[in-house]
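Engineer: Pasting a predicted model and its sequence here:
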There are 2 protein chains.
Amino acid sequence: MTVNRTIRVELGRRSYPILIGDGLLDGGVDLAAHITGGDCLVVSNETVAPLYLDAVRRCLPGKDLHVAVLPDGEEHKTLASIAAVIDALVAARANRDTTVIALGGGVVGDIAGFAAACYMRGVAFIQVPTTLLAQVDSSVGGKTGVNHPGGKNLIGAFHQPRLVLIDTGTLSTLPDRELSAGLAEVIKHAAIADRDYLDWLERNVPALLARDAAALAHAIARSCEIKAAVVSADETEKGQRALLNFGHTFGHAIENSLGYGEWLHGEAVAAGMVMAAELSGIAPAEQARLRRLLEAARLPVEPPPVGSAKLRKAMQLDKKAAGRRLRFVLLDELGSARLESDVDTGLLDRILERADA
Amino acid sequence: MTVNRTIRVELGRRSYPILIGDGLLDGGVDLAAHITGGDCLVVSNETVAPLYLDAVRRCLPGKDLHVAVLPDGEEHKTLASIAAVIDALVAARANRDTTVIALGGGVVGDIAGFAAACYMRGVAFIQVPTTLLAQVDSSVGGKTGVNHPGGKNLIGAFHQPRLVLIDTGTLSTLPDRELSAGLAEVIKHAAIADRDYLDWLERNVPALLARDAAALAHAIARSCEIKAAVVSADETEKGQRALLNFGHTFGHAIENSLGYGEWLHGEAVAAGMVMAAELSGIAPAEQARLRRLLEAARLPVEPPPVGSAKLRKAMQLDKKAAGRRLRFVLLDELGSARLESDVDTGLLDRILERADA
């Protein structure tokens, strides 16, 4: 099986390719060629390691391969897991030429990437994302880190991978709900940056839900292109990278209000995008179009009934964390977004009150 | 009191000044002007905070100032201390505009800097070093991090400060032994990069030991200039920055063999420089000159009697960590250094055997 698509994230000396294809882990790619040293540490979790660790091992003939298997779940995205991965690196006598390989979803990628950023002040890192969300979003762009009881992703680093290897075949084992959650970020990319892509998604959501390999490869590639372009222009989120947070101000408030783990991140973002589209004041027909697309992808389009007071409080926390005024990502129309601090507070109140139901 | 000297570390967008003067913390500098946000976290330790925290506080009128006081000592340079500083940042509701200020020696600077590197993927950081070692070496150049039982500084980041503020007056409270240990790194700078500076040091060691303010300011400034130039040329130690490790291959082996804490880092480096000068094969008169200068600074010039086998084993560990051949920093002559992997192993053996005494 050959590589279907290669996308480059342009970051000067730190540029890297994203390889996308079906069956890449079954011999479709020369992974060892991307590894300069003689040894690797594969970081995975209890769910993913039994499924794909052997395949990764077969992709790395001649390399000295060590493994760290973490428990599965966002609740393990902590500094303690970083310490565990560092311990594994030390036990493996890893050095400056060692490569850390993340095999799993966003949590595994965030932990492995941050450990790679810290070990000896930074060693090479490769992402092998196995969930749609990680393939289209978290594995690209170098954001790594862990949670603190005081907030999500409070401890971390920007550490770009050397390679992102996306085998779309790994999506065959992904639960339906997680597939839909990944589609939320796919739809987000279209909503903020590419109206033609939105048209395409409207026609192809059934194929994507049916895990049609060609449709998935196209969506992953187009989403990675959009994310790569944004990251190349603004690696450390001084400005336009924040556009990728469309739906996330409301989404984080939903996750925070419900308690993390109730709704998947993508589900909260889906409802958040509907709310943000309404706050944008785009034409009702446009709002309805976004809502229908999300519904077709089997995603929620209304906030959970946690009460508007709770949502508002969670948003204030976000504001404090930013150290400045709360900024929303608003749509000019479907396919074009902007950052906006000055929003219609009356309209914002009415939108939040939908959580009072 | 005005600023005596300003040295700039040139790193493009991340360039920063080093301000050096006597009494800078007593109103000699407008520290608040270097802080963009409204709040700071001062990280210090139990020894230094009682001496200088109030002065720092007076330098920051109108800023919301939080404090984290760590226990004193290298044994606290751990991931647990990073977690403690992050907890303090969260408790202070620190945000992206918060500035972390390190007030203390190298351990405090390394911990505070790494915490600042990780919090929200990087917040601003200011160094206020209060030991000579930190003023001439560890506070400049952006190396931050903590130890792991498997090795020193195994976990860390490159995170440049926004400002290094050196009040030479803080050296009045520094124990004699630590002053001498700092002079080891000063002499190192001269030995690898500036023969005229070495001449000056030979004439001025008595004044430095007597804590003459003008002599200290000159030595700190010249050492910072040398270090700044090396760091500007090679921020992440791909090449010539490694020249700053003159004496450190032997020095680390001494520290590791004795157990950390027996000899101060600067003391081990002093003996290590004598050994490295001998391995360099420079003229005996040059070797004797370096040795006399170190002795004048009240530093050891022979390895402790730990046995050559132990030193050799410790050096092998260093080699493994580097993932490649062990590299020595050798002198062409006093004032000029180079990296060298290919050394006279017979001579190396004889040098190590001095630890068999």
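Structural biologist: Cool, got the structure.

Engineer: Now the top helix by length along chain A: buried residues?
Structural biologist: Secondary structure assigned by DSSP state H gives helix A:213-233 as the longest helix of chain A. Across helix A:213-233, burial judged by 16 or more other CB atoms under 10 Å in any protein chain shown covers A:213, A:215-228, A:230-232. C-beta here means a position set from N, CA and C on the backbone, and glycine is covered the same way.

Engineer: Quick one: name the residues of chain A near chain B.
Structural biologist: A:37, A:79, A:82-83, A:86-87, A:90-91, A:93, A:95-98, A:117-122, A:143, A:145, A:148-151, A:153-158, A:236, A:320-324 (CB under 8 Å from any CB of the partner chain).

Engineer: Taking these, please make a PyMOL selection of just the buried ones.
Structural biologist: Those of the residues of chain A next to chain B that count as buried under 16+ other CB under 10 Å are selected in PyMOL with:
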select buried, chain A and resi 37+79+82+83+86+90+95+96+97+98+117+118+119+120+121+122+143+145+148+150+151+153+154+155+156+157+158+321+322+323
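
Engineer: Let me see the ranges of the helices in chain A.
Structural biologist: For chain A, the helices defined by DSSP H occupy A:49-58, A:79-91, A:106-118, A:132-133, A:176-193, A:195-209, A:213-233, A:248-258, A:265-280, A:284-296, A:308-322, A:345-352.

Engineer: packing partners for the longest one?
Structural biologist: Pointing back at helix A:213-233 there. Helix A:213-233 sits against strand A:5-9, strand A:16-21, strand A:163-167, helix A:176-193, helix A:195-209, with contacts defined as 3 or more CB pairs under 8 Å, 6 or more residues apart in numbering or on different chains; DSSP states H and E.

Engineer: Mind putting these into TSV with mean pLDDT and mean neighbour count?
Structural biologist: As requested, the helices and strands packed on helix A:213-233 are arranged in TSV below (pLDDT from 0 to 100; neighbours: other CB atoms under 10 Å in any protein chain shown):
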stretch	mean pLDDT	mean neighbour count
strand A:5-9	94	17
strand A:16-21	96	21
strand A:163-167	97	26
helix A:176-193	98	24
helix A:195-209	98	16
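
Engineer: now for the ones you listed, which one comes closest to A:Leu279?
Structural biologist: Closest to A:Leu279 of the helices and strands packed on helix A:213-233, according to CB to CB: helix A:176-193, at 13.4 Å.

Engineer: Could you chop chain A up by domain?
Structural biologist: Domains of chain A are assigned by automatic domain parsing as A:5-173, A:176-356.

Engineer: show me what contacts A:Leu279?
Structural biologist: Neighbour list for A:Leu279: A:Phe328, A:Leu330, A:Val343, A:Asp344, A:Leu347, A:Leu348, A:Ile351 [criterion: CB atoms under 8 Å, 6 or more residues apart in numbering or on different chains].

Engineer: For stretch A:335-353, what is the distance to the chain centroid?
Structural biologist: 24 Å (CA atoms, centre = their mean, to the nearest Å).

Engineer: outside of it, which residues touch it?
Structural biologist: Surrounding stretch A:335-353, the residues in contact under the criterion CB under 8 Å, 6+ apart are A:190-198, A:239-240, A:242-243, A:246, A:250, A:275, A:278-279, A:281, A:303, A:308, A:311-312, A:325-332.

Engineer: Kindly supply the ChimeraX command isolating those of the residues you listed that are buried.
Structural biologist: Typed into ChimeraX, the line below selects the buried ones among the contacts of stretch A:335-353, using 16+ other CB under 10 Å:
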select /A:190,191,192,193,194,197,198,240,242,243,246,250,275,278,279,303,308,311,312,327,328,329,330,331
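
Engineer: And for A:Ala271, the neighbour number?
Structural biologist: With neighbours defined by other CB atoms under 10 Å in any protein chain shown, the count for A:Ala271 comes to 25.

Engineer: And it, what's its pLDDT?
Structural biologist: In this model, A:Ala271 is scored at 98, pLDDT.

Engineer: now swap in the one 4 residues further on and tell me
Structural biologist: With respect to pLDDT, A:Met275 scores 98.

Engineer: From chain B, how far out is it?
Structural biologist: A:Met275 sits at a distance of 24 Å from chain B (criterion: CB to the nearest CB, to the nearest Å).

Engineer: Look up the closest residue to that residue, ignoring the ones flanking it.
Structural biologist: In space, and not counting its chain neighbours, A:Met275 is closest to A:Phe250: 4.4 Å by CB to CB, 6 or more residues apart in numbering or on different chains.

Engineer: I'd say A:Gln160 and A:Gly142 touch.
Structural biologist: Yes. Between A:Gln160 and A:Gly142 a contact is recorded at 3.9 Å, counting by CB atoms under 8 Å.

Engineer: between these two, what contacts are shared?
Structural biologist: A:Glu235.

Engineer: where does the stretch 1-150 of chain A have low pLDDT?
Structural biologist: Residues of the stretch 1-150 of chain A that meet the criterion pLDDT under 70 lie in A:1-3.

Engineer: cutoff 80 now
Structural biologist: Along the stretch 1-150 of chain A, the model assigns pLDDT under 80 to residues A:1-3, A:28.

Engineer: what does the stretch 251-357 of chain A give?
Structural biologist: Using pLDDT under 80, the flagged stretches of the stretch 251-357 of chain A are A:260-261, A:316-326, A:357.

Engineer: ok, back up a step: out of the domains of chain A, which gets nearest to B:Pro71?
Structural biologist: Closest to B:Pro71 of the domains of chain A is domain A:5-173 (CB to CB; 19.3 Å).

Engineer: Now do the end-to-end distance for that closest one.
Structural biologist: 22 Å (CA to CA, to the nearest Å).

Engineer: what's the neighbour count on the closest residue to A:Thr130 other than its chain neighbours?
Structural biologist: Closest residue to A:Thr130 apart from its sequence neighbours, by CB to CB, 6+ apart: A:Thr170 at 4.1 Å. By other CB under 10 Å, 26 other residues sit near A:Thr170.

Engineer: distance of A:Thr170 from A:Glu74?
Structural biologist: To A:Glu74, A:Thr170 is 19 Å away according to CB to CB, to the nearest Å.

Engineer: ditto for A:Gly37
Structural biologist: Separation of A:Gly37 from A:Glu74 (CB to CB): 31 Å.

Engineer: cool, A:Gly156 as well?
Structural biologist: 14 Å.

Engineer: swap in A:Val43?
Structural biologist: To A:Glu74, A:Val43 is 16 Å away according to CB to CB.

Engineer: Tell me which of those two has more neighbours.
Structural biologist: When A:Val43 and A:Glu74 are compared for neighbours, A:Val43 comes out ahead with 29 against 17, by other CB under 10 Å.

Engineer: who's the more buried one bridged to?
Structural biologist: Counting by DSSP bridges, A:Val43 is bridged to A:Ala68, A:Ala102.

Engineer: give the contact list for it.
Structural biologist: Contacts for A:Val43 (CB under 8 Å, 6+ apart) come out as A:67-68, A:70, A:85, A:88, A:100-104, A:108, A:111-112, A:115.

Engineer: next one: phi and psi at the closest residue to chain B within the stretch 1-150 of chain A?
Structural biologist: Using CB to the nearest CB, the closest approach of the stretch 1-150 of chain A to chain B is made by A:Asn95 at 3.1 Å. Per-residue torsions, A:Asn95: phi -130, psi -170 (degrees, to the nearest 10).

Engineer: Looks like it contacts A:Met120 (just checking).
Structural biologist: Yes. Under the criterion of CB under 8 Å, A:Asn95 makes contact with A:Met120 at 7.3 Å.
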